[in-house]
Structures are given as structure tokens and as C-alpha cells.
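S.K.: Need coordinates for the following:
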Amino acid sequence: MKPWISWWPAWARSATVRAVALISIACLLGWILIEARAPDILFHVRVQRTSAREALTLYWLLASGAAVVVLEVRRRRAQILVLAAATLLALGAAEVALRLWHPGGAFLAKRYLYSPTLHHVLPPSAIMVGRMVDAEPLGARVVTNEDGLRAGYSREEFLARRRRIAFLGDSFTHGLGVTREAAAPAVVERLLRERLGDQEIAVLNTGQISYSPVLEEILFRDVVAAYRPELVFLILDATDFGDDFAYSRGAERRDGRLYFPPYPEGGLTLLDHLALYERAYPTSERWYLRLTRPIAGALKSTDPPWDPLRAVIGDDDDRFFIFKRPPSETRPFFEETLGHVEDIAAAVRRAGGVFVLVLNPRFQLWDPEGCPKNWEHRRYSVHDPYTGEYLRFFEEARARVDFDIVNLLPALRAHKDAGLVFKTDPHWNKNGHAVVGQALFEYIMDKRLLPGTETKP
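M.R.: Okay, the predicted model is just below:
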């Protein structure tokens with residue numbers, strides 16, 4: 001009897017075809033198991049099927065390509081070398097061309113760097129592309145100054161201005177998904193200059209993604225105070241309470257300062273410096289993660305998120321617990337954050353400035369349908385019973401603090417029909433920043449808060 005392989009067509013008898021066929025069969029079986037949710041049943045995990053499909057497709061392409069190169073290199077050495085050289089030359093030419101078209105050089109995909117005293121910081125003097133949500137592709141370009149701030153000014157340029165205002169906060173202040181000119185601090189600056197006809201007014205955006213008052217107090221003391229702002233706004237978000245808890249419990253206190261342990265995502269990769277990688281961002285980042293961390297990207301534990309109320313060790317994976325738990329349980333976290341805010345206010349006063357706290361309500365408080373494809377929908381519901389409790393707490397705290405508190409809810413509610421957040425993300429879009437900027441501009445004018453006026457809060 002003839003060997004079984006002799007029954008195959010001539011083109012299918014090569015080792016290359018057999019290797020690619022086996023790789024394809026293995027990937028096909030993987031697809032079937034994923035679609036059947038076998039890992040969910042066997043390993044008690046939740047498979048993110050889109051991520052798993054992408055990872056399998058990428059590894060199928062790479063493994064098949066590697067098999068072809070290894071098995072055909074002896075017979076087609078010249079062709080493979082020419083193909084490899086042509087590919088490298090084409091990529092190199094494209095990289096050079098993109099750098100010439102973008103005078104600032106290749107953008108960095110926005111990546112925070114580890115800081116022992118500030119936990120994470122943006123690279124200084126960098127041009128980056130931020131996470132896109134559903135903003136325009138270049139709408140989230142981020143340019144930092146020498147201190148890693150999305151400020152629009154160097155320190156020297158800002159200090160040269162006669163009237164100086166600074167904004168502290170997290171990604172809402174920073175302007176995630178919008179241009180710097182569209183973010184609320186820049187809106188305030190433009191409106192003040194137009195109304196007063198004074199080009200000496202400068203507004204500094206120091207917002208950093210995932211910051212909270214415990215980090216913002218350090219940022220003000222170590223960095224922002226050197227800019228000598230005469231008026232400082234802090235925009236407080238719903239995530240700040242869980243973040244304050246986690247940052248405080250995860251840090252070590254030495255000589256009266258907090259020091260944060262290193263974390264693995266605190267550096268830049270070679271890809272982050274390539275213009276080709278930037279032009280394909282965020283798709284390029286998604287495929288990079290599928291290649292380097294396929295299992296971590298595809299599997300999520302079905303265990304409930306860690307609740308900070310269950311243990312005081314700081315392992316907090318539920319930043320929105322304040323929406324779900326009654327005031328009797330969340331009040332200690334509100335009090336802790338209020339203490340950090342009071343520390344910031346005291347530091348601002350010592351530096352000769354005026355401090356104002358701004359309360360940022362989440363979209364469900366003014367328009368539950370405002371973010372129809374919210375990517376965070378698994379983490380909280382628009383119908384959670386205590387969503388507005390942190391606003392009530394700080395409204396009541398007015399009587400015992402020595403700074404003014406501004407609640408943005410009335411302004412946002414009055415303009416909800418304009419569509420103020422992204423469809424897939426609860427951050428303010430361009431319209432939302434315009435409303436917030438207008439509200440804070442009117443507050444500054446009503447209270448006469450600019451330096452040199454007589455009335456202060």
C-alpha cells in the first residue's frame with residue numbers, strides 16, 4: 001500500500017503546506033473553543049471574544065509566516081532575502097517621510113512614566129497621541145512642557161504673564177479626547193481674554209489622567225507652586241475617592257512624604273518612538289497588546305471586583321463603589337478626600353493664591369442616556385442609588401471649609417441637549433468642555449476672582 005501522503009495532491013505534499021495546515025487547524029480549534037465558551041466553563045474566567053479572536057488571528061499569521069520562511073529558506077533563499085530587504089527599506093522610507101511631514105517628530109502613544117513621588121507622570125517636552133475614545137484621530141494630540149504638563153506654556157512663559165490661573169484635576173481637567181484648545185482651562189482663558197481685552201491672562205492646565213487629591217497636593221507643592229498661580233481650581237471627580245484610598249494605602253511614608261513602589265507599565269517601548277506606530281494608533285497599540293499579552297487581554301476573572309470596604313489593605317479595583325454603597329459606609333472615604341483637598345487649599349494659600357473646589361457630576365445625574373455606548377457600563381449603572389451622594393456630602397461641607405465650592409450640575413443639566421460627553425466614554429467632549437469653561441468663566445466674573453479685585457470667596 002502506498003504511503004497515505006502519496007494520495008495528497010502534489011502541491012500539498014511539501015513540508016511548508018503541511019506545517020501551515022497544522023497551524024491553521026490548531027487556530028481553528030481555538031476559535032471553536034472560544035465561541036463555545038469552553039474557557040469560561042473550565043477555568044472560571046470570562047473570555048473577551050473579540051480580543052481572543054484578534055490574538056489568535058495575529059498568532060496564526062505570524063506562525064504561518066515563520067513556517068514558510070524556515071522551511072523555504074533553503075530553496076528560496078534569494079527571494080526571501082530580497083523580500084525582507086524590500087520590506088525593511090519600505091518601512092524605513094515611510095518612517096522618514098512621516099517624520100518629515102510632522103516637524104515635531106514621531107508622536108509618542110501617550111504613556112505615563114513611573115515616578116516615586118508622583119506615582120505617574122507624562123514625559124516632559126513630548127508630543128503624544130492620547131487615547132482616542134470616539135474623538136477625531138488627531139483631536140487628542142498632547143504636547144507637554146518641561147514639567148510634563150499639558151499646559152500650553154513653559155514655566156518661563158507662564159511666569160511672564162501678569163494674571164495667572166491654574167487648574168488641577170484628573171482626565172476631565174486634562175481634556176481626554178479633545179485638543180488642548182478645546183479643554184475647559186483653555187476655554188476659560190479665551191473667554192477671560194475676550195471679555196477683559198487682556199492678553200496677560202494665562203490659564204495653566206495641570207490635569208493628569210487618574211490623578212486624585214492625594215497626588216494633586218504633591219503635584220502642586222513640587223511643581224505647580226513654582227508657576228505662582230494666583231487662582232487655583234481643583235476639579236473633583238467621582239473616581240477620586242477610590243483613587244485616594246488606593247494611592248494612600250499603596251505608598252510608603254518616609255520623612256513626611258509619600259513614596260510609591262514601581263509598577264510594570266511605567267516605561268516607554270521602542271514602538272512608542274516610531275511615527276509608523278503613531279499613525280496607526282490606537283489600532284497599533286491594540287495589536288501590540290494582543291501580541292505581547294494575549295492571555296491577559298482576552299481573559300477577565302469572573303470574581304467580583306475588590307471592594308475597598310472589605311479590607312483596609314488598599315487593593316481597590318472598584319473605583320465606583322461610592323455609587324452603590326450607602327453614606328454610612330462611604331462617608332469615611334469622602335472625609336479622607338476632603339482632608340486632602342483641605343491640604344491643597346492650605347498649600348495654595350501659603351503660596352499666596354485663592355483656592356476653589358469644583359464638583360464634577362457624572363453624566364447619569366443630568367442625562368442618563370447621554371453616553372449610550374459607555375465602555376464602563378459593566379462597572380456601574382446609571383440607576384445606582386447613591387450616584388449623587390458625594391455631591392451632597394461636599395455641598396454640606398461648605399459650612400466647615402474656608403474655600404468656595406462650585407457644583408457644575410446645574411450648568412451641565414441646563415445644556416444636556418447639546419450632547420456633552422462622548423458616546424462611548426463618559427468624559428466631556430468638546431461641547432461639555434465649552435459648557436464647563438463658560439460656567440467657570442461666569443463664576444470668576446461674578447466673584448471677581450482675578451488678581452487685583454477686591455471681592456474674594
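S.K.: What are the boundaries of the helices in the stretch 1-150 of the chain?
M.R.: With DSSP state H, counting those that start in this stretch, the ranges of helices along the stretch 1-150 of the chain come out as 15-35, 38-43, 49-72, 77-101.
S.K.: by contact count, what packs against the second one?
M.R.: What that stands for is helix 38-43. strand 45-47 (3 or more CB pairs under 8 Å, 6 or more residues apart in numbering; DSSP states H and E). Every C-beta, even on glycine, is put in place using the N, C-alpha and C of the backbone.
S.K.: Could I get the average pLDDT for the strand it packs on?
M.R.: Taken as a whole, strand 45-47 has a mean pLDDT of 69.
S.K.: Tabulate the helices of the stretch 1-150 of the chain (CSV), appending mean neighbour count.
M.R.: Output for the helices of the stretch 1-150 of the chain, formatted as CSV (neighbours: other CB atoms under 10 Å):
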stretch, mean neighbour count
helix 15-35, 14
helix 38-43, 12
helix 49-72, 16
helix 77-101, 11
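S.K.: Worst mean pLDDT among those helices?
M.R.: helix 38-43 (a mean of 72).
S.K.: Put the alpha carbons of it into PDB.
M.R.: Presented in PDB, the C-alpha positions along helix 38-43 are these (Å, rounded to 0.1, in the frame of the first residue of the first chain):
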ATOM      1  CA  ALA A  38     -15.100  26.400  26.900                       C
ATOM      2  CA  PRO A  39     -12.500  28.500  28.900                       C
ATOM      3  CA  ASP A  40     -15.400  30.100  30.800                       C
ATOM      4  CA  ILE A  41     -16.600  26.700  32.000                       C
ATOM      5  CA  LEU A  42     -13.300  25.000  32.600                       C
ATOM      6  CA  PHE A  43     -11.300  27.800  34.100                       C
END
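S.K.: Tell me the gap between it and the middle of its chain.
M.R.: Taking CA atoms, centre = their mean, to the nearest Å, one finds helix 38-43 lying 31 Å from the centre of the chain it belongs to.
S.K.: And for stretch 378-388?
M.R.: Mean-position distance between stretch 378-388 and its chain equals 21 Å (CA atoms, centre = their mean).
S.K.: Not counting it itself, show me its contacts.
M.R.: Stretch 378-388 is contacted from outside by 238, 305, 318-320, 322-327, 330, 361-362, 364-365, 368, using CB atoms under 8 Å, 6 or more residues apart in numbering.
S.K.: Quick check: next helix or strand after the helix or strand of the chain with the lowest mean pLDDT?
M.R.: None of the helices or strands of the chain scores lower by mean pLDDT, DSSP states H and E than strand 299-301, at a mean of 52. On the C-terminal side of strand 299-301, the closest following helix or strand by DSSP states H and E is helix 327-350.
S.K.: elements contacting that following helix?
M.R.: Short answer (3+ CB pairs under 8 Å, 6+ apart): helix 327-350 packs on helix 213-222, strand 231-236, helix 240-250, strand 354-359, helix 389-396.
S.K.: Show me how far it is from its chain's centre.
M.R.: 24 Å.
S.K.: Need the helices and strands packed on helix 327-350 in JSON lines (columns: mean pLDDT).
M.R.: Formatted as JSON lines, the helices and strands packed on helix 327-350 follow (pLDDT from 0 to 100):
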{"stretch": "helix 213-222", "mean pLDDT": "97"}
{"stretch": "strand 231-236", "mean pLDDT": "98"}
{"stretch": "helix 240-250", "mean pLDDT": "90"}
{"stretch": "strand 354-359", "mean pLDDT": "98"}
{"stretch": "helix 389-396", "mean pLDDT": "96"}
